[in-house]
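1. this is a predicted model, with the sequence first.
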Amino acid sequence: MIPTIKWDNNCIYIIDQRKLPEKKEWLVCRTLQDVVTAIREMAIRGAPAIGVAAAMGLALGSRTIKTNNCETFRKRFLEMAWQMKLARPTAANLRWAVEKMVGVVEIMNHNTVEEIKGALKKESQIILERDIEINRKIGQNGLQLIPDKATILTHCNAGALATGGYGTALGVIRAAHEAGKDMHVIVDETRPLLQGVRLTAFELIEENIKATVIVDSAAGYFMRKKMIDLVITGADRIASNGDTANKIGSYQLAVLAKENKIPFYVAAPLSTFDPDLKNGDLIPIEERDPREVTSFDGHMLGPEGVDALNPAFDITPAKYISAIITEREILKPPYKGSIRDLFGTDVK
Ligand code: MRU
């Protein structure tokens, strides 16, 4: 399995996912700004992976704060945390990781700056290692939903590359394959940045799992032909009622799945939940550069001056989601109750 991110020699190394699968190149980040740019420009992407990158980026950034005064350090660190939070708006994991790192600084207010910097690096490493463990648990929990032989449709990339390692949606598929189940994965190509054909297909081929790529608009055709047993995707943010933000196109898949009586599962860690949000309408949706839609590989596809809309995510209302697989348990509708049970009574 290809590693997503690592810390080596006072630098962060990120596998540049914009270049996969053609080239396996490490992008070297030496500053906080390098990591913010890598997240924003999607050299690293996928909700849990950008959480890990944010944590590591802040640990790296903290080393450039030249002061022995704890209060000065804290102020500067909070500015960095704010800058990191703005890198991409939709994934809950980014904010979750930033808040974990801020928590380290807040709790160590009687320690030296050097001690705090050491603890930040350690915390970012724990977030990475824990993410891989969590994904393996999601995989094991999801096993019971996967028949011994299944054709599974997935969208975007919710694999090892989108996480610290192993994957969420792809983690369930990986676990099923490891358990000896016969998996055939139908991979949506995932326009406009093609995470499906470039990244998911790449991971599946590496694992010797049968993969077939389709264009996004063919999903309904194959569902209607009864060629798909279930759909499984990852998530970028899950509101307290179960409404789920994920890669643009997920919503229409979920509606099509319901129409065709196919289960639609979401696999995500608890760090993807936003129990403070009442519903999915409150999830901020990232709008990306229209040129991602109107051009390909630097070449303009449409006529010069044509406009495009490019929301990176959409919201799947909870009523279309058959179950949400987490590291703790499988949540079933109605999600408001099951999410409240997980996060306590503060849930909106
Ligand atoms: O824009 P991306 O590539 O970051 O979008 C990623 C997705 O939508 C994934 O499905 C989601 O982050 C879950 S990754 C485990």
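-> Yep, that arrived. Numbering: from 1, shown residues only.
2. the stretch 51-200 of the chain: helices as residue ranges?
-> Along the stretch 51-200 of the chain, the stretches classed as helices by DSSP state H, counting those that start in this stretch are 70-85, 92-107, 113-142, 169-178, 195.
3. need these in CSV with mean neighbour count, distance to the ligand and mean pLDDT, can you?
-> C-beta here means a position set from N, CA and C on the backbone, and glycine is covered the same way. Below are those laid out as CSV (neighbours: other Cβ atoms under 10 Å; distance: least, Cβ to the nearest ligand atom, whole Å; pLDDT from 0 to 100):
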stretch, mean neighbour count, distance to the ligand, mean pLDDT
helix 70-85, 17, 16, 97
helix 92-107, 21, 8, 98
helix 113-142, 19, 8, 98
helix 169-178, 26, 7, 98
helix 195, 27, 5, 98
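4. looking at these, which is closest to residue 151?
-> Residue 151 lies closest to helix 169-178 among these, at 11.2 Å (Cβ to Cβ).
5. got the CA coordinates for the closest one in CSV?
-> Extracted C-alpha coordinates of helix 169-178, given in CSV (Å, rounded to 0.1, in the frame of the first residue of the first chain):
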residue,chain,number,x,y,z
ALA,A,169,-15.0,2.9,1.9
LEU,A,170,-12.1,1.1,0.2
GLY,A,171,-11.1,-0.2,3.6
VAL,A,172,-14.4,-2.1,3.8
ILE,A,173,-13.7,-3.5,0.3
ARG,A,174,-10.1,-4.3,1.3
ALA,A,175,-11.3,-6.1,4.5
ALA,A,176,-13.8,-8.1,2.5
HIS,A,177,-11.2,-9.1,0.0
GLU,A,178,-8.8,-10.1,2.8
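6. thinking again about what came up before, looking at the helices of the stretch 51-200 of the chain, which is closest to residue 47?
-> Closest among the helices of the stretch 51-200 of the chain, using Cβ to Cβ: helix 92-107, at 4.4 Å.
7. and the contacts of that closest one?
-> 39, 47-48, 50-52, 54-55, 58-59, 73-74, 77-78, 81, 84-85, 87-88, 116, 119-120, 123-124, 127, 236-238, 269, 271-274 (Cβ atoms under 8 Å, 6 or more residues apart in numbering).
8. now swap in stretch 185-193 and tell me
-> 42, 151-157, 173, 196-197, 200-201, 204, 209-216, 219, 222, 227-228, 247, 249, 253, 292-293, 310.
9. quick check, distance from that stretch to the centre of its chain.
-> Between the mean C-alpha location of stretch 185-193 and the chain-wide mean there is a distance of 15 Å, by Cα atoms, centre = their mean, to the nearest Å.
10. what about it and the ligand, touching?
-> No - using Cβ under 6 Å from any ligand atom, stretch 185-193 stays clear of the ligand, with a minimum separation of 6.6 Å.
11. using CSV, write down the CA coordinates of that stretch.
-> The C-alpha coordinates for stretch 185-193 follow below in CSV (Å, rounded to 0.1, in the frame of the first residue of the first chain):
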residue,chain,number,x,y,z
VAL,A,185,-15.6,-3.0,-7.8
ILE,A,186,-17.2,-0.6,-10.3
VAL,A,187,-15.3,2.6,-10.1
ASP,A,188,-16.9,5.9,-11.1
GLU,A,189,-14.3,7.9,-12.9
THR,A,190,-15.2,11.0,-10.8
ARG,A,191,-15.1,14.1,-12.9
PRO,A,192,-13.6,16.6,-12.9
LEU,A,193,-10.3,15.5,-11.2
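12. what sits against the residue positioned nearest the centre of the chain?
-> What sits nearest the mean C-alpha location of the chain, by Cα atoms, centre = their mean, is residue 47, with 2.3 Å. Listed by Cβ under 8 Å, 6+ apart, the contact set of residue 47 reads 91-94, 162, 234-237, 268, 272.
13. and it, how far from the ligand?
-> The gap separating residue 47 from the ligand is 4 Å, by Cβ to the nearest ligand atom, to the nearest Å.
14. show me the chain divided up by domain.
-> For the chain, automatic domain parsing gives the domain ranges 5-136, 138-343.
15. quote the end-to-end distance of the last one.
-> For domain 138-343, the first and last residues are 18 Å from each other (Cα to Cα, to the nearest Å).
16. how about the residues of the stretch 201-348 of the chain near the ligand?
-> Contact residues, the stretch 201-348 of the chain versus the ligand (Cβ under 6 Å from any ligand atom): 233-236, 246-247, 312.
17. ok, these vs residue 3, which is closest?
-> Closest approach between those and residue 3, by Cβ to Cβ: residue 234, at 18.6 Å.
18. right, and the closest one touches residue 246 too?
-> Yes - counting by Cβ atoms under 8 Å, residue 234 does reach residue 246; the two are 6.2 Å apart.
19. fine, thanks again, bye for now.
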